[in-house]
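*Asks:* Compute the structure for the input listed below.
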Amino acid sequence: QVQLQESGPGLVKPSQTLSLTCTVSGGSITTSYYAWSWIRQPPGKGLEWMGVIAYDGSTYYSPSLKSRTSISRDTSKNQFSLQLSSVTPEDTAVYYCAGGRVVAGLEVWGQGTLVTVSS
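*Replies:* From the prediction side, this is the model:
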């Protein structure tokens, strides 16, 4: 059974870069036709998909966040990571990693981690 766990700082200062890592267990992030996403939910708002890294390392980003977002992976650790640059308080949110078969969408989710942007 695939499980995902987010990790990273819970507090980031404005203008800095937010960095989170998702550790995947029970399956490999390089398994063909699987994809791994980052999603966030600001307080009181809906879910926002941020971007994805596929099994072959290709990446796709939300157009609204593309200029500030980077998703990478470490296959030796079975992890994928999110970097969001130039953060503002509006980037305060619960950040989730999720993944699954490309054809099935986001089948498995991490528990989420709250990141607060504040000085």
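*Asks:* what residues are up against V103?
*Replies:* By C-beta atoms under 8 Å, 6 or more residues apart in numbering, the contact set of V103 is Y33. Where you see a C-beta, it was placed from the backbone N, CA and C, and this is true even at glycine.
*Asks:* Can you give me the distance of it to Q1?
*Replies:* 19 Å (C-beta to C-beta, to the nearest Å).
*Asks:* go on, G51?
*Replies:* Separation of G51 from Q1 (C-beta to C-beta) stands at 25 Å.
*Asks:* Compare neighbour counts for those two and give me the winner.
*Replies:* Taking other C-beta atoms under 10 Å, G51 and Q1 do not tie; G51 has more neighbours (19 against 6).
*Asks:* mind checking which helix or strand the more buried one is in?
*Replies:* strand 48-54 (DSSP states H and E).
*Asks:* So, low pLDDT: which residues of the protein?
*Replies:* Within the chain, no range satisfies pLDDT under 70.
*Asks:* Centroid-nearest residue for it?
*Replies:* W38 (2.7 Å; C-alpha atoms, centre = their mean).
*Asks:* That residue reaches L82, doesn't it?
*Replies:* Yes: counting by C-beta atoms under 8 Å, W38 touches L82, with 4.6 Å between them.
*Asks:* list residues touching both of the two?
*Replies:* Counting by C-beta under 8 Å, 6+ apart, the residues touching both W38 and L82 are 20, 22, 50-51, 71, 95, 97.
*Asks:* And the strands in the protein?
*Replies:* Taking DSSP state E to define them, one finds strands in the chain at 3-7, 11-12, 18-25, 34-41, 48-54, 59-61, 69-74, 79-84, 93-101, 108-109, 113-117.
*Asks:* buried set for the fifth one?
*Replies:* The reference is to strand 48-54. For strand 48-54, a neighbour-count test (16 or more other C-beta atoms under 10 Å) marks 49-54 as buried.
*Asks:* neighbouring strands for that strand, and are they parallel or not?
*Replies:* Using DSSP bridges, strand 48-54 pairs in its sheet with strand 34-41 (antiparallel), strand 59-61 (antiparallel).
*Asks:* so how far is the longest one off the chain centroid?
*Replies:* In this case it means strand 34-41. Offset of strand 34-41 from its chain centre (C-alpha atoms, centre = their mean, to the nearest Å): 5 Å.
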